[in-house]
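J.: Predicted model and sequence below, questions to follow.
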Amino acid sequence: MQPSNGPMGGMRDRYVVTAAQMQAIESRVFAAGMPVAALMEKVAGLITQRVMAWRSIAQGPRVGILAGPGHNGGDALVVARELHLRGYQVAVYLPFERRKELTDRHAQYAASLGIEVSPDLAPVLAADWLVDGLFGFGLERPIEGALAEAIDQVNNSGKPIVSIDLPSGLHTDSGAVLGKAIRSTLTLCLGLWKRGLLLDRALDWVGQAELIDFDLPLADIQAILGPDPQLNRITAHLAQLPLNRSPATHKYEQGHLLVVAGSAVYMGAAFLAALGARSSGVGMLTVAVPASLKPWLVAQIPEALVVACPETDMGKIARVDLDLARYDAIACGCGLTREATPIVQAVWESDRPLVLDADGLNALAQLGWRDRQGPVVLTPHWGEFQRLFPNLVAQTSDRLELAQRAAQQTGAIVLLKGARTVVAEPGGQSWMVPESTPGLARGGSGDVLAGLLGGLVAQARPTALTDWGYWAATAAWWHAQAGIQAVQDRSILGVNGASLADGLLTVARQQTQALEKQS
Ligand SMILES: NC(=O)C1=CN([C@@H]2O[C@H](COP(=O)(O)OP(=O)(O)OC[C@H]3O[C@@H](n4cnc5c(N)ncnc54)[C@H](OP(=O)(O)O)[C@@H]3O)[C@@H](O)[C@H]2O)[C@@H](O)CC1
Ligand SMILES: Nc1ncnc2c1ncn2[C@@H]1O[C@H](COP(=O)(O)OP(=O)(O)O)[C@@H](O)[C@H]1O
Ligand SMILES: [K+]
């Protein structure tokens, strides 16, 4: 049996659950007759395979196991037994007198095999690497006292640590640290992705994250999450890229995007947004910039129709004299400067689908929200989000919840950028981008995303708000994958407009090849 596989493996990795949802799904499986002990054996067998591939006996013969009182500890004890039987030198730290029955029996049996099981941390700290099975989705109270001190010692040991299900101490739903948490090197999430693992605040604890798919029946998953789940982890399986193109198509059928961007101070923003738009495959791209930028931009991106707008003394766009009705979508805001209010007002009054980014969002924060005819996608980073929604930020720090509440409050699609970008639409669907790279943390990355997103929606022309959310999430996923690709090609220092644009095309090619393989 292979970890993280099974015929439906790819399908299961889209789901994201809370602790309560995971418990409800497992309850159905147990009620249907699956013995708890059998499931624990199966899961722990898969974990064992994965950790043995991660650290062979030659690479790390001594393993320290941290075992808790619940079934996370039970999993860990089965892993301890299996590693022992395969020749590893195993020591178990089990500092709990009171434990669940199954866990207790595994502890007894492990000890009977000669494995050192004790409430003493020292033998575990002497190991080459550690397995963290203190707590999983059952953790509800903060970790305090001696156990908190033990976790500090484990973290300070500098040893590689693999966590079972989630780093012990992280809240399953919010990803927040409950008192103290294990800082993992590798987290093996069991069955379905836990919500908290995918949020920015968990990243420093999670390390590399992988799903161990243990074949939870789709019927049980869907019975709890619904046939069309509200929350999705957006992956290569969900992203339908590149867009289908009829052989008989022409450029106007492939969407016409208007980008309104740039100023004398922020010239590059218009170029970067145009690069993102170009890589989206959009049929026609018009870029409206201050008149003095036109010759330069035309030289950079000759396939775009560059429109020279009247500009102020300071080199900012004064007016956009265009018939906005001609465009399938407008992406507005990159590099406009803080005095973009009249431009945002003009695009706001048209009924064209609108992607609002950067200074467009700052202008909106000044203008205040007013209803609008066409769909709007807001793409704030955290600072812009705080300016737009101070009332919401005062209520919670959970980024997914914030995006969801902002979407509900405004009726807009909200794409909240971050290390892990989240997207929400007003109807209640949301998406989490599961992988990205800190290589993207540099000025200009967001401009590429705004252009890419504008170009995608100009082509896809979604109608339902859920589809708008889906395409925004797809753009964020594509952008993050392009960042990962750029890091692979050019190192973490090499993520810029050009490498991102190349990365976008490489990812599109990989998607095409994957689709061809499937068919
Ligand atoms: N069901 C299955 O067979 C499968 C389950 N799976 C595995 O089970 C895990 C969930 O198991 P779980 O429900 O037993 O919860 P878990 O996270 O081990 O710990 C809860 C225990 O900790 C205790 N406790 C809580 N907070 C505490 C604190 N601050 N300080 C001290 N103690 C504290 C609490 O006891 P209490 O004191 O509240 O009575 C409770 O006993 C899951 O993550 C996965 O690894 C998978 O293998 C798939 C199959
Ligand atoms: N640590 C990180 N890990 C992954 N992606 C990141 C990280 N920091 C920023 N990003 C991504 O980089 C982009 C930055 O956008 P933004 O803040 O608008 O920058 P700019 O306005 O300078 O273009 C966003 O897509 C964001 O999700
Ligand atoms: K754990």
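T.: Yep, it's here. Ligands and ions are numbered 1, 2, ... in the order given.
J.: what sits against Tyr266?
T.: Cys334, Gly335, Leu336, Thr337 (Cβ atoms under 8 Å, 6 or more residues apart in numbering). Where you see a C-beta, it was placed from the backbone N, CA and C, and this is true even at glycine.
J.: Hmm, Val119 is touching Ala91, no?
T.: Val isn't right for residue 119; it's Pro. No. Applying Cβ atoms under 8 Å, one finds Pro119 not in contact with Ala91, separated by 11.9 Å.
J.: Just want to know which of the two has more residues nearby.
T.: Neighbour comparison, Pro119 and Ala91: the larger count goes to Ala91, with 23 against 12 (by other Cβ atoms under 10 Å).
J.: For the protein, which residue gets nearest to ligand 2?
T.: When scored by Cβ to the nearest ligand atom, the chain has Gly446 as its residue closest to ligand 2, at 2.2 Å.
J.: Can you tell me how far that residue is from Cys309?
T.: 22 Å (Cβ to Cβ, to the nearest Å).
J.: neighbour count winner among the two?
T.: The residue with more neighbours, out of Gly446 and Cys309, is Gly446; 24 against 20, by other Cβ under 10 Å.
J.: Spatially nearest residue to Pro380, not counting backbone neighbours?
T.: Leu361 (5.2 Å; Cβ to Cβ, 6 or more residues apart in numbering).
J.: give me the number of residues near the one you found?
T.: 22.
J.: Can you classify Ala264 by secondary structure?
T.: coil (DSSP: H, G, I helix; E, B strand; the rest coil).
J.: my read: it touches Met314, true?
T.: Yes. Shown here, Ala264 and Met314 form a contact pair, counting by Cβ under 8 Å, at 6.8 Å.
J.: So which of those two has more stuff around it?
T.: Ala264 (16 against 12).
J.: ok so, going back, mind checking which of the contacts of Tyr266 are buried?
T.: Neighbour-count burial (16 or more other Cβ atoms under 10 Å) is assigned, among those, to Cys334, Gly335, Leu336, Thr337.
J.: In a markdown table: those, plus distance to ligand 1, secondary structure and pLDDT.
T.: Compiled in a markdown table, the buried ones among the contacts of Tyr266 are given as follows (distance: Cβ to the nearest ligand atom, whole Å; DSSP: H, G, I helix; E, B strand; the rest coil; pLDDT from 0 to 100):
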| residue | distance to ligand 1 | secondary structure | pLDDT |
| --- | --- | --- | --- |
| Cys334 | 43 | coil | 98 |
| Gly335 | 47 | coil | 97 |
| Leu336 | 48 | coil | 96 |
| Thr337 | 50 | coil | 93 |
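J.: which residues sit against the strand or helix carrying the residue nearest to Pro380?
T.: Using DSSP states H and E, Leu361 falls within helix 359-367. Contacts with helix 359-367, where a contact means Cβ under 8 Å, 6+ apart, come from 332-338, 340-341, 343-345, 347-348, 356, 378-380, 384, 387-388.
J.: so does stretch 217-228 get close to ligand 1?
T.: No. Using Cβ under 6 Å from any ligand atom, stretch 217-228 never reaches ligand 1; the gap is at least 12.8 Å.
J.: What mean pLDDT does that stretch get?
T.: Mean per-residue pLDDT for stretch 217-228: 96.
J.: Same question for that stretch: list its buried residues.
T.: Result for stretch 217-228 [16+ other Cβ under 10 Å]: buried residues Asp220, Ile221, Ile224, Leu225.
J.: same deal with stretch 309-328?
T.: So for stretch 309-328, counting by 16+ other Cβ under 10 Å, buried means Cys309, Glu311, Gly315, Lys316, Ile317, Ala318, Val320, Leu322, Leu324, Tyr327, Asp328.
J.: now the second one: how far from ligand 3?
T.: Just to be clear, that refers to Glu311. For Glu311, the distance to ligand 3 (Cβ to the ion, to the nearest Å) stands at 58 Å.
J.: ok, now the fifth one?
T.: When Cβ to the ion is the yardstick, Ile317 and ligand 3 sit 53 Å from each other.
J.: Appreciated, that's everything.
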